[in-house]
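# Sharing a model that was predicted from the sequence below.
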Amino acid sequence: MPEPTPIYTALQQYAGKNFLRLHMPGHAGKGIKQQELCRLATLDLTEIPGLDDLHLPTGVIKESQELLARAFGAGKSYFLVNGATSGIHALFLALNKEGNKVLLPRNAHRSFYGGLVLSGAVPVYLPVQVESELGIALAVTAEDVTRLLLSNPDINNVFISSPSYYGTGCDIAAIAGITSSHNKLLLVDEAHGAHFAFSQRCPRTALGSGADGVVNGLHKTLPVLNQGACLHLSARLAGDLRIEKTLSLLTTTSPSYPILASIELARQFMEENGESLLEKSWQLSREYRQKINAIAGLSCCEQELQAVTGVTGLDPLKMLVSVRGSALNGYQLAALLREGYGIQVELEDTNFVLAMFSVFHDRNDWEKFYQALQVIAATYPGRGRTWPKVELPPLPPMLLTPRQAFMASSLKVPLKDALNRVAAEMIAVYPPGIPCLLPGELINQEMLDYIIYLGKSGARIQGPRDPSLQHINVID
């Protein structure tokens, strides 16, 4: 029987031999004195004999990646030590030449933009289905994929995101059937869905639904250190050497062994315990959704999300709590949770807060969140106020490709002077990091009005050099 944790076991064995470490890293296993880090430092090693090479694995890393592929049902799997972003960049760069068209949704993570810049690919945008009361983009439809493939037969591949940041899944099986019939690859950013592989209570995995390449941000939902992620390939892509070559190009030559070990240990843990833990989490999710729905002014969105066209599943661990019936907005509720109850949510917005639970949150954690919501709602009762619907920003015209815009010279101008100029920087509300404006796109009146709204909203802005949005960089 193969060693279940080859990397971690090899690290332990090396640390136990008490070598005089005359090799990198510079802390030599003993130079970090802080108690919480010193134990980790003993396992923070480099590619010495017995620990393999991430760029050309033949030993423990190769074995561990094969175990990962088996657990996720992949033809081949690769460790990523720079987050899901590096896997997304690798797929763009490996599978597209400059000028190739890629069909992708506008609600994709900002890493898609990086992939477009690196590859020189040209985006063709899929419409995104929206829950209009909350103003959030949730899914793309198979019908829209069909329509755009027929009208753009030169599209090279299709790259979608599922689940969304809010936990909603697309009908990947239907979309995979369409892309296969058009002889196109289907690639999926499944960063938030790594746990789906371990429970039938979760939406079906992208790989199991017919996708050709899938990226998981393992650290988002599994017990993995930050930056730990993986790339899975179907049997169709498993032998494509372009992907392996591109991953090596983009990946550090000094990978973090603690990250690799955490991925391996999480895989073993979820294989042994994931199904039972996710069953408990699903039961708690059902129970507390009902309880939160009974709080005046709040609602734990489920039916509202599942009613949106294109949505075929919902992650039970994502709790999207609408405040539209409350006197508070989402920013105010999040601040009260944080300052009064020691609860930090994943995301706040005008209309909602998003709480991410994991298999390690027990009944006491769910109860603490519920009790805090109950007390806050009673303290700040709704007064019949209705929040305006939030419209997503309009899709601005693309005058330069992302790569062309990235390479162009730019200048900083006051926002009021940016009308009808071409953007030279991205604007994204973070989290979730979805751009409303990308370099190369025209700042028309609608987009300018939306940027002004963002500047006044209190949202965290990522991308522009001036996050206050008083100024913006445009193409010179």
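Alright, I've got the coordinates.
# Need the single longest strand in the chain, by residues.
In the chain, with assignment by DSSP state E, the single longest strand is strand 155-161.
# helices and strands around it, which ones?
helix 83-95, strand 101-105, helix 142-151, helix 172-181, strand 185-189 (3 or more Cβ pairs under 8 Å, 6 or more residues apart in numbering; DSSP states H and E). C-beta: built from backbone N, CA, C; applies to glycine.
# pull the CA atoms of the longest one into CSV?
What follows is the C-alpha trace of helix 83-95 in CSV, where atoms were taken according to Å, rounded to 0.1, in the frame of the first residue of the first chain:
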residue,chain,number,x,y,z
GLY,A,83,-2.9,30.1,-5.3
ALA,A,84,-5.5,29.3,-7.9
THR,A,85,-4.3,32.4,-9.8
SER,A,86,-1.2,30.6,-11.1
GLY,A,87,-3.3,27.7,-12.4
ILE,A,88,-5.7,30.1,-14.2
HIS,A,89,-2.7,31.9,-15.7
ALA,A,90,-1.2,28.6,-16.8
LEU,A,91,-4.3,27.5,-18.6
PHE,A,92,-4.6,30.8,-20.5
LEU,A,93,-0.9,30.9,-21.5
ALA,A,94,-0.6,27.2,-22.4
LEU,A,95,-3.8,26.8,-24.4
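# ok, back up a step: neighbouring strands of the longest strand of the chain in the sheet, and parallel or not?
Strand 155-161 pairs in its sheet with strand 101-105 (parallel), strand 185-189 (parallel), by DSSP bridges.
# which of the ones you listed sits most buried?
A comparison of the strands paired with strand 155-161 by mean neighbour count, using mean count of other Cβ atoms under 10 Å, puts strand 185-189 on top with a mean of 27.
# chain center to it, what's the gap?
14 Å (Cα atoms, centre = their mean, to the nearest Å).
# and the angle from that strand to helix 142-151?
140 degrees (axes from the mean of the first three to the mean of the last three Cα atoms, to 10 degrees).
# related to what we said a few turns ago, let me have the strands paired with strand 155-161 in JSON lines, extended by mean pLDDT and distance to Val375.
As requested, those are exported to JSON lines (pLDDT from 0 to 100; distance: least, Cβ to Cβ, whole Å):
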{"stretch": "strand 101-105", "mean pLDDT": "97", "distance to Val375": "39"}
{"stretch": "strand 185-189", "mean pLDDT": "98", "distance to Val375": "38"}
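# returning to that earlier point: could the helices and strands packed on strand 155-161 be laid out in CSV, adding distance to Gln371?
Formatted as CSV, the helices and strands packed on strand 155-161 follow (distance: least, Cβ to Cβ, whole Å):
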stretch, distance to Gln371
helix 83-95, 34
strand 101-105, 37
helix 142-151, 42
helix 172-181, 37
strand 185-189, 35
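# if we compare those, which one ends up closest to Ala423?
Using Cβ to Cβ as the measure, strand 101-105 is the one of those that comes nearest Ala423, at 18.2 Å.
# Give me the contacts around that closest one.
The contact list for strand 101-105, computed with Cβ atoms under 8 Å, 6 or more residues apart in numbering, reads 92, 96, 112, 116, 121-126, 128, 137, 140, 145, 148-149, 152, 154-161.
# run the last query once more with 6 Å
Under the contact criterion Cβ atoms under 6 Å, 6 or more residues apart in numbering, strand 101-105 has outside partners 112, 121-124, 126, 128, 140, 148, 154-160.
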